[in-house]
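Asker: Need a 3D model of the sequence below.
(4 chains)
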Number of protein chains: 2
Amino acid sequence: MSYHHGNLRRTIIDAAVEAIGDTGTATWSLRELARRAGVSHAAPAHHFGDKAGLLTAVAAEGFELFADALGAAGDDFLDVGVAYVRFAVERRAYFEVMWSPELYDTDDASVVRARGRAGEILVSGSRSLPGNVEGDWAGAIAAWSTAHGFANLWLTGALPSFVGDDPAAAARPVLEVLTRGRAAAGE
Amino acid sequence: MSYHHGNLRRTIIDAAVEAIGDTGTATWSLRELARRAGVSHAAPAHHFGDKAGLLTAVAAEGFELFADALGAAGDDFLDVGVAYVRFAVERRAYFEVMWSPELYDTDDASVVRARGRAGEILVSGSRSLPGNVEGDWAGAIAAWSTAHGFANLWLTGALPSFVGDDPAAAARPVLEVLTRGRAAAGE
DNA sequence: GTGGCATCTTGTCAGTGACAAGATTGGAGT
DNA sequence: ACTCCAATCTTGTCACTGACAAGATGCCAC
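Answerer: Numbers count the residues shown, from 1 in each chain, chains lettered A, B, ... in the order given. Down below sits the predicted model:
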């Protein structure tokens, strides 16, 4: 092992994401990540400043991955919603950090950019809501809230067991509730 | 100040709730709460064992208050949903702890009891969903998800500013989306 | 090939959670 | 009134943490 690690920044972020996925954001330490990477206890500080700096990097990367995942789902409201839930479960660590603004710097330039990209994709997805009219913010926010709420409830383990063990399959009928009767009612 | 505080348990819980409301669950320490209560650094440990024990007490009390708030809202789905959001914002500290299972002992007897009580009220509220049929778990979970998601998005500050500054007023039209056209479509 | 700079290390400090052992006190039983 | 006991709180201690300062190393542009 040479003096310079070579890819410490990437390694530390990956270790952080893994640790967060295992036990959350509070149970590990920068020093533990440093040990795991075979590096001194102060090395991560050079790249991230402090713990909030590391989590800022995780959040920024998370929003980028999130935007990618939503974008790949297409233009249909249901598909975007399912992708929203799928991302939350499959990349749980990123998702949890992203929505914990007290943990990182929400005004960081890379965070703002990535979050903006994800937001635009979300808005364009809500346009395919049946019966959607221009400026119907209640409908768009209801769709967002439902996907976000379902994802959070799934992650906290609060949902009853009969919804099954496949989050995407369970989310679809729930999101469909938002479309029931809407087209028929001509709203 | 006598040797025995007299009401340390209550005082520590209140101080914890206040601190969580200010800056979250990670920025304060048991020792700081002890100092604030004018008590030695190890006194809280007697009542709660450790930090998780304290948060377990907060969560249990939170679910009790939550059940009270939902119960007081009546039987209408919309009113219960609005009460859900209002509780999340007005008692933010309790709400955040309640839905952070990694912070406390979710199997604690008092937690299980209080959470069960809140769950029953929630289920009975979903029965008033327009077009509700017996066993329509997608509808009930959609309602729960929407209220829960809206509350979380509000708390994280993710919602656009045009929704206003009154969470209850903003939540109502969003929750109403779930009822649009449903009765008319006879579903 | 050398100077500069990003990268990483060593050293240190106050603060933290957790535990052990001892001090204090109110109150129940007699 | 007295004793004793259990709940409550204190003091002392340990390994660990985040944060900072100062120094060592080695890659790379020139």
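
Asker: okay, now A:G53: neighbour count?
Answerer: A total of 17 residues lie near A:G53 under the criterion other C-beta atoms under 10 Å in any protein chain shown. From N, CA and C alone the C-beta is placed, and that goes for glycine too.

Asker: try A:G135
Answerer: 8.

Asker: Is it within a helix or a strand, and which one?
Answerer: Counting by DSSP states H and E, no helix or strand carries A:G135.

Asker: quick one, what contacts A:N7?
Answerer: Applying C-beta atoms under 8 Å, 6 or more residues apart in numbering or on different chains to A:N7 gives no contacts.

Asker: Distance check, it against A:V39.
Answerer: Applying C-beta to C-beta, to the nearest Å, the value for A:N7 to A:V39 is 11 Å.

Asker: cool, A:D68 as well?
Answerer: Taking C-beta to C-beta as the measure, A:D68 and A:V39 are separated by 30 Å.

Asker: for the helix or strand containing A:A169, which positions count as buried?
Answerer: When elements are assigned from DSSP H and E, A:A169 belongs to helix A:167-176. Buried residues in helix A:167-176, counted by 16 or more other C-beta atoms under 10 Å in any protein chain shown: A:P167, A:A170, A:A171, A:R172, A:V174, A:L175.

Asker: now swap in stretch A:63-74 and tell me
Answerer: A:F63, A:E64, A:L65, A:F66, A:A67, A:D68, A:A69, A:L70, A:G71, A:A73.

Asker: Dump the residues you listed to JSON lines, plus pLDDT and secondary structure.
Answerer: Formatted as JSON lines, the buried residues of stretch A:63-74 follow (pLDDT from 0 to 100; DSSP: H, G, I helix; E, B strand; the rest coil):
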{"residue": "A:F63", "pLDDT": "98", "secondary structure": "helix"}
{"residue": "A:E64", "pLDDT": "98", "secondary structure": "helix"}
{"residue": "A:L65", "pLDDT": "98", "secondary structure": "helix"}
{"residue": "A:F66", "pLDDT": "98", "secondary structure": "helix"}
{"residue": "A:A67", "pLDDT": "98", "secondary structure": "helix"}
{"residue": "A:D68", "pLDDT": "97", "secondary structure": "helix"}
{"residue": "A:A69", "pLDDT": "98", "secondary structure": "helix"}
{"residue": "A:L70", "pLDDT": "97", "secondary structure": "helix"}
{"residue": "A:G71", "pLDDT": "96", "secondary structure": "helix"}
{"residue": "A:A73", "pLDDT": "94", "secondary structure": "coil"}
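
Asker: Take these and lay them out in JSON lines including distance to B:A151.
Answerer: Shown next, in JSON lines, are the buried residues of stretch A:63-74 (distance: C-beta to C-beta, whole Å):
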{"residue": "A:F63", "distance to B:A151": "21"}
{"residue": "A:E64", "distance to B:A151": "26"}
{"residue": "A:L65", "distance to B:A151": "25"}
{"residue": "A:F66", "distance to B:A151": "21"}
{"residue": "A:A67", "distance to B:A151": "24"}
{"residue": "A:D68", "distance to B:A151": "27"}
{"residue": "A:A69", "distance to B:A151": "24"}
{"residue": "A:L70", "distance to B:A151": "22"}
{"residue": "A:G71", "distance to B:A151": "27"}
{"residue": "A:A73", "distance to B:A151": "25"}
